[in-house]
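**Q** Show me how the following folds:
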Amino acid sequence: MTGSAWSPLPPEPLTGVSASRFGLYVHFPWCRQRCPYCDFAVTVAPAIPHEAYLEALLAELELRLAQSPSLVGRPLDSVFIGGGTPSLWEPRLAGRLLEAVHARLPISEGAELALEANPGPEDALRFADFRQAGFNRISLGVQSFSERTLRSLGRSHTPDEAKAAVDAALRAGFPSVSLDLIYGVQGQTVPEVEADARAAVSLGTQHLSAYALTLEREALAVEVPLARALARGEVTLPPDAAIVEMAHLLTDVLGQAGLVRYEVSNFARPGFHSRHNALYWTGGEYLALGAGATGFLLDGPRAADGGTGVLPGVRYENLRSAPRYLATTREGRLPEQGRESLTPAERFEERLSLGLRLKDGVALEPLFALAGEDLAKRAPLLRLFAREGLIEQVGERTRLTPRGLDVHGAICSRLI
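**A** Down below sits the predicted model:
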């Protein structure tokens, strides 16, 4: 970022799971192809309007700040460019975006500046340029190191290309490199998942996200080819018992290598957790720009909630179509397709559910008090969960045990 007015420092090693309190999410919707399991806002096109998309993002930023002038000058703790495939974007334009954002929303020293990347050879050629543009964290969508599993997921890269991409990210000087893995894929076996985990830790990265493949038969069947195949009986996923065994095996292998499970699906070496993602899990605010992006802002005096995030809030979602997004911003209009106000009760449910995903858990007493909820009514249920070995109390925080994390959804539904 030669000539820029700021110089972001690498994330400092941290103790525990700290979280960004105000972040920016930018969605880059273009991909070379749509993966058969994907339901994100994705556009496959022969050409990407690189410059036009930057102009649209900056136009939306000004519209957002005009709508919420109190945000102007508020420091950002994190920036995350997701997709889609952000590594297809020209790095110089991503750098220009950071500079323009910094002029309106100062990026704090030591802020986490992250982007998602495809682990293909063409993308890897850009990694050094993204690092020079100011990014200090990169997340690679490896998904698997098995050729067969990659084919099942419709991925175009090979295992060797994925390993080369990880090496390229480390050589580019990224202080934090993260990998994504998917398990529970059709035809996948428990030994294959173990091999994926061992391959991942052998590469020397600091963070890993591991997600069980989830295909909703009804909700996603319209948009997601793999969900349609599941609904027609053409695809069979591993049984639940095997998926639980895969999750436990992943946790064991990664833990032995020093990557601690700090959230249901996320593992990190000490100090290398995702502070931006922790923002979502702990009720922080985030501005969002781009086609298909979703943002959340609190509606009330900031910090009045004591950090529990139970103030009323507003969530907005942008148009998913990239062409419509570009046209709308050119017309000087906010590119929203929906907006909803969340009550303190709805925020309470989110904070409880998302907070219990974290290894650190949730301080229930202040959360319930600020939301006007009666914790005493849940006391018998909490005692039952404790006797069953599903939750434990550590100081003022209630957290799920490893057994409890396996049934996180069921526990939250009963507590709410």
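
**Q** what does stretch 287-296 rub up against?
**A** The set of residues external to stretch 287-296 that reach it, using Cβ atoms under 8 Å, 6 or more residues apart in numbering, is 22-29, 40-41, 43, 53, 57, 60-61, 64, 71, 105, 285-286, 297, 313-322, 324-326, 335. Backbone N, C-alpha and C define where each C-beta goes, glycine included.

**Q** from the residues you listed, which ones fall inside helices?
**A** Judged by DSSP state H, the contacts of stretch 287-296 include 53, 57, 60-61, 64, 322, 324-326 as members of helices.

**Q** Restricted to strands, list the contacts of stretch 287-296.
**A** 22-28, 43, 285-286, 297, 313-318 (DSSP state E).

**Q** How is this structure divided into domains?
**A** Following automatic domain parsing, one finds the domains of the chain at 22-278, 344-416.

**Q** Comparing the ones you listed, which comes out most buried?
**A** domain 22-278 (a mean of 19; mean count of other Cβ atoms under 10 Å).

**Q** For the helix or strand where Ala66 lies, name the packing helices and strands.
**A** In this structure, Ala66 is located in helix 50-67 according to DSSP states H and E. The criterion is 3 or more Cβ pairs under 8 Å, 6 or more residues apart in numbering; DSSP states H and E, and the helices and strands that helix 50-67 contacts are helix 91-104, strand 285-289, helix 322-330.

**Q** and the ones you listed as a markdown table, adding distance to Gln132?
**A** As requested, these are arranged in a markdown table below (distance: least, Cβ to Cβ, whole Å):
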| stretch | distance to Gln132 |
| --- | --- |
| helix 91-104 | 7 |
| strand 285-289 | 22 |
| helix 322-330 | 27 |
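
**Q** for the ones you listed, which one sits closest to Leu356?
**A** Comparing those by their distance to Leu356 (Cβ to Cβ), the top pick is strand 285-289, with 20.3 Å.

**Q** in the closest one, what's buried?
**A** Within strand 285-289, the residues that qualify as buried are 285-289, counting by 16 or more other Cβ atoms under 10 Å.

**Q** Among those, which one lies nearest to Pro191?
**A** Within those, the smallest distance to Pro191 is 39.2 Å, found for Tyr286 (Cβ to Cβ).

**Q** Relative to Val314, how far out is that closest one?
**A** When Cβ to Cβ, to the nearest Å is the yardstick, Tyr286 and Val314 sit 12 Å from each other.

**Q** Quickly list what's touching both of the two.
**A** Looking at what touches both Tyr286 and Val314 (by Cβ under 8 Å, 6+ apart), the common residues are 296-297.

**Q** where in the chain is pLDDT low?
**A** 1-17, 35-38, 215-235, 299-312 (pLDDT under 70).

**Q** remind me, longest strand of it?
**A** Of all segments of type strand in the chain, defined using DSSP E, the longest is strand 107-117.

**Q** Quick one: list the elements packing against that one.
**A** Helices and strands in packing contact with strand 107-117 are listed as strand 76-83, helix 91-104, helix 127-132, strand 137-143, helix 275-281; criterion 3+ Cβ pairs under 8 Å, 6+ apart.

**Q** Quick one: residues contacting Pro91.
**A** With contacts defined as Cβ under 8 Å, 6+ apart, Pro91 is in contact with 126, 129-130, 132-133.

**Q** Just the closest of those residues to Glu396, please.
**A** Taking Cβ to Cβ as the measure, Phe130 is the one of the contacts of Pro91 closest to Glu396, at 40.6 Å.

**Q** Would you mind confirming that Pro335 is in contact with Arg324?
**A** Yes. Counting by Cβ atoms under 8 Å, Arg324 is a contact partner of Pro335 at 7.4 Å.

**Q** Between those two, which is the more surrounded one?
**A** More neighbours surround Pro335 than the other of Pro335 and Arg324, with 26 against 14 (other Cβ atoms under 10 Å).

**Q** Perfect, I'm done here.
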